[in-house]
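Student: okay, here's the prediction I keep looking at, along with the sequence it came from:
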Protein chains: 2
Amino acid sequence: MENKCVLIVDDESAIREMIRVALEMSDIDCMEAGSAQEAHAHIVDHKPDLVLLDWMLPGASGIELLRRLKRDELTKDVPVIMLTAKGEEDNKIQGLDVGADDYITKPFAPRELIARIKAVLRRAGQLEDESAIDVEGLTLDPASHRVFIQQKPVDMGPTEFKLLKFFMTHRERAYSRGQLLDHVWGGNVYVEERTVDVHIRRLRKALQTDHIDYGTLIQTVRGTGYRFSTTGANVA
Amino acid sequence: MENKCVLIVDDESAIREMIRVALEMSDIDCMEAGSAQEAHAHIVDHKPDLVLLDWMLPGASGIELLRRLKRDELTKDVPVIMLTAKGEEDNKIQGLDVGADDYITKPFAPRELIARIKAVLRRAGQLEDESAIDVEGLTLDPASHRVFIQQKPVDMGPTEFKLLKFFMTHRERAYSRGQLLDHVWGGNVYVEERTVDVHIRRLRKALQTDHIDYGTLIQTVRGTGYRFSTTGANVA
DNA sequence: TCGAGCTTTTACACAACTGTCATATTTATT
DNA sequence: AATAAATATGACAGTTGTGTAAAAGCTCGA
C-alpha cells in the first residue's frame, strides 16, 4: 500500500527534522514547509494526507493558515494537527474551534505523535460515501466492500472492485484508458494503458453468472476507451 | 465484577484528590487529568466508564472537550458529568445541551456525587446490549462473557472475545486493521497492524469445532481488512 | 521473584493479485 | 475481400498481502 504523506509546517528546521525522523520510522512520508505561505502552496499543490501545523509561526500565522485552509472548499478536508508549545494552552481550544483535528503540546513523545497521526488518518479515511449502489440487480456495497448479483456475493480482485465502483458512480460516459488509470489506479503510477484492457476483461468475467451477464454493461468504445451503460450496446 | 473507572478532570489537584478519596470509598477506580488535552488523550486511550468534567478549566475548555467528545464516534458514548461552580448555573444548561449526562454544582456532598455517579453508570450500563447475540448457532453472551457453539462453551482469550463481539455487532461490513484497533483495542494504542492478523487467526481457530467451522464467518477482504458476514464466500 | 496466560512481534511460506506479453479475434477502411 | 488497427484473451512471472507458527514481551497474582 502507498505510504501516507504528512506535511510538517514549522519555522525551525531542527524541529522539522526531528519530526521527520520519527515519522519515517513509521513509514510515513514527509514534506516540509518553513512558512505559512510555503505550506499553503504545497497543500494546494500536493494535497498531503495530513498537515502538522505549528501554532507559533512567525507572524502568528499558524492559526491564520488553519482558518484559511478550512474556509476553502478545496482544502477543508485535509486533516490538521496543531503543535502548540506548553503555556499556549488557551490556543489549543481556539485551534479546535477553527477545525483542527487534534492538537499536541511540545515537547511530545514521538510515540504519542505517531499514535495521534495514525488515529486522525484512520478517522479521515472513513468519510467516504457508503451507501450501496444498485443497477438492475447488480449491487455494489462500499461498506462491506462487496458486489452482489441478485443478492449473491461475487468474487473479484481489489482493482476490479475499484474499477467497477468507479464505473457505477460514473455511468453513461466514456473514459479513456488514461482517465481510468488516473481515477482508479490513482495519479502518478506508471502502468501500460493496455493493462486497463486486462482488468476490464477480468471485471467482465467476474460479472458473468450462469444466468445473467452483467459484463455487457461495460461497453467498449472503440478508439476511445470504455463506458458503463445500462442502455444496450449501440453503434457509435 | 470489575470496578468501574472514572476519569476526574479538574485543574486543581486538591479537588481531584478529594473526589478520588470519595469515590474510592465506594470502590470506584479513579484516574485524573489536569487539562482538557490530557483528558482527551486518556479517554481515547482507556475509555473510562465515566468522565467527571470540570466546566472551569483554564481556557474554558471543559465545554469544548465535551463537545469534542460527543462529536467523535469513538467517544460519544462515554457518559460525562459536568462539575460547575455556584454562579455558573447557566452553563449547566449549555452542558446538557451538548450532551452531558448530568451536572453537579460545587461545592457538593460526597454522598450526592456518589449517588449521581452511580445513577449515570447504571443508566449507561443498561444501554449496553446485554442480550445474547446468535448467528446460525454461534452465540455470544455479553452477560456471562462467553461464547457458545450449539450451546457448548468455547474457549478464547479476552481480545478474541472483544473482537468477536465487535464483529457480531457490526456485521456485513469491512473494517481495516486500523479501524479494528480503534474499536477493539481502543483508541491511541500503538500496536502493529499485523497484530490484528494474529488475533483473527486465533479467533478463527477458536471458532472451529469438529463439526462446524464458524471461522469462515470472518472473511478476509484483501487489501482492506476483515469482515464478518453470514453470506458465504463464493466461487471464483 | 517466578510462572502462567495472554499479547505482540517476527519470520517465513503461501496464495492471490497485478502488469506485461504474445497471440487471437473483432472492427473499420479501402 | 484484403489489410490495417484496435481490442480480447490466455498465460506467465514478479510482487504484494495474508496465513501460520514460534519466539519474545507483558501482566498479574501466588
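Tutor: On my side now, so go ahead.
Student: what segments of chain A are helices?
Tutor: Along chain A, counting by DSSP state H, helices occupy A:13-25, A:36-46, A:61-71, A:89-98, A:110-125, A:158-169, A:177-180, A:194-206.
Student: contacts for the last one, please.
Tutor: Outside of helix A:194-206, the residues within contact range by Cβ atoms under 8 Å, 6 or more residues apart in numbering or on different chains are A:147, A:154-157, A:159-160, A:163-164, A:177, A:180-181, A:215-216, A:218, A:225-226. In this view, the C-beta of every residue, glycine as well, is placed from N, C-alpha and C.
Student: kindly calculate the angle that it makes with helix A:158-169.
Tutor: 80 degrees (axes from the mean of the first three to the mean of the last three Cα atoms, to 10 degrees).
Student: and the helices of chain A: which comes nearest residue B:44?
Tutor: Closest to residue B:44 of those is helix A:110-125 (Cβ to Cβ; 7.1 Å).
Student: near residue A:46, how many other residues are there?
Tutor: Here the count is done by other Cβ atoms under 10 Å in any protein chain shown, and residue A:46 has 10 residues near it.
Student: please report the distance of it from DNA strand C.
Tutor: In this view, residue A:46 and DNA strand C are 22 Å apart by Cβ to the nearest atom of the strand, to the nearest Å.
Student: quick one: contacts for that residue?
Tutor: A:5, A:7, A:31.
Student: and which of these is nearest to residue A:102?
Tutor: Nearest member of the contacts of residue A:46 to residue A:102, counting by Cβ to Cβ, is residue A:7, at 15.1 Å.
Student: my guess is that closest one contacts residue A:47. True?
Tutor: No. The pair residue A:7 and residue A:47 does not pass the contact test of Cβ atoms under 8 Å, sitting 9.5 Å apart.
Student: DNA strand C contacts on chain A?
Tutor: Contacts of chain A with DNA strand C, taken as Cβ under 7 Å from any atom of the strand, map to A:157-160, A:185, A:189-192, A:194-195, A:198-199, A:202, A:222, A:235-236.
Student: of those residues, just the buried ones, ChimeraX syntax please.
Tutor: Here is the ChimeraX command that selects the buried residues among the residues of chain A next to DNA strand C (16 or more other Cβ atoms under 10 Å in any protein chain shown):
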select /A:159,160,185,199
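Student: residue A:7 and residue A:47 - which one has more neighbours?
Tutor: The neighbour comparison of residue A:7 against residue A:47 (other Cβ under 10 Å) goes to residue A:7, with 23 against 14.
Student: distance of the more buried one from chain B?
Tutor: 21 Å (Cβ to the nearest Cβ, to the nearest Å).
Student: domains in chain A, as residue ranges please.
Tutor: Domains of chain A are assigned by automatic domain parsing as A:5-125, A:133-228.
Student: hmm, the first one touching DNA strand D?
Tutor: The reference is to domain A:5-125. No. Residues of domain A:5-125 contacting DNA strand D under Cβ under 7 Å from any atom of the strand: none, with a closest distance of 11.0 Å.
Student: please apply the same query to the last one.
Tutor: Yes. Judged by Cβ under 7 Å from any atom of the strand, domain A:133-228 comes into contact with DNA strand D at A:194, A:197-198, A:200-201, A:204, A:220, A:222-225.
Student: nearest to residue B:106, out of these: which one, please.
Tutor: Of all those, residue B:106 sits closest to residue A:200, with 68.1 Å by Cβ to Cβ.
Student: could I get the pLDDT score of the closest one?
Tutor: In the prediction, the pLDDT value recorded for residue A:200 is 98.
Student: same question, residue A:136
Tutor: Residue A:136 is assigned a predicted lDDT (pLDDT) of 94.
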